[in-house]
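A.B. asks: Got a predicted structure here, sequence first:
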Amino acid sequence: MQILSKDSVTVAVDAVIYFRIKNATASIVKVNNSNAATRLLAATTLRNVLGTKTMAEILSDREHISHTMQSILDEATDPWGILVERVEIKDVRLPVQLQRAMAAEAEAAREARAKVSAAV
């Protein structure tokens, strides 16, 4: 899923949600399709949570983001008889142009340090 971060960087994020039905009656009576509703809520929650984070926070704080999403989803799906057991952010991919820019910046920093070392 494509997400726009707080600092306006578009990142592609893959996430997985593990959930189970803990109350079959509620999952049938309270929501039309509990499986689809839970997946849609997970996608919306992913966009909402990551939209408040910068790219650096998304890359470095995946475990905290996963726990935050799990608690939000579990609270929201509890009335439906669904228990969200785990949320995992599997992959975060940066745009190719941003990867190139970051690589060029790192290369320039290495060259600058090398020049300083050679001058001393």
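C.D. replies: Thanks, I have it.
A.B. asks: Return the list of helices and strands in contact with the longest helix along the chain.
C.D. replies: Counting by DSSP state H, the longest helix found in the chain is helix 96-119. Applying 3 or more C-beta pairs under 8 Å, 6 or more residues apart in numbering; DSSP states H and E, we find helix 96-119 packed against no helix or strand. Any C-beta I mention is one placed from the backbone N, CA and C, and that applies to glycine too.
A.B. asks: That one: which residues count as buried?
C.D. replies: Buried residues in helix 96-119, counted by 16 or more other C-beta atoms under 10 Å: none are found.
A.B. asks: what ranges do the helices span in the chain?
C.D. replies: 24-29, 34-50, 55-60, 62-77, 96-119.
A.B. asks: where in this protein is pLDDT low?
C.D. replies: 99, 120 (pLDDT under 70).
A.B. asks: got the contact list for the nearest residue to residue 74 once chain neighbours are set aside?
C.D. replies: Of all residues not flanking residue 74 in the chain, residue 84 sits nearest, at 4.1 Å (C-beta to C-beta, 6 or more residues apart in numbering). If a contact means C-beta atoms under 8 Å, 6 or more residues apart in numbering, then residue 84 has 17-19, 38, 70, 73-74, 77 as its contacts.
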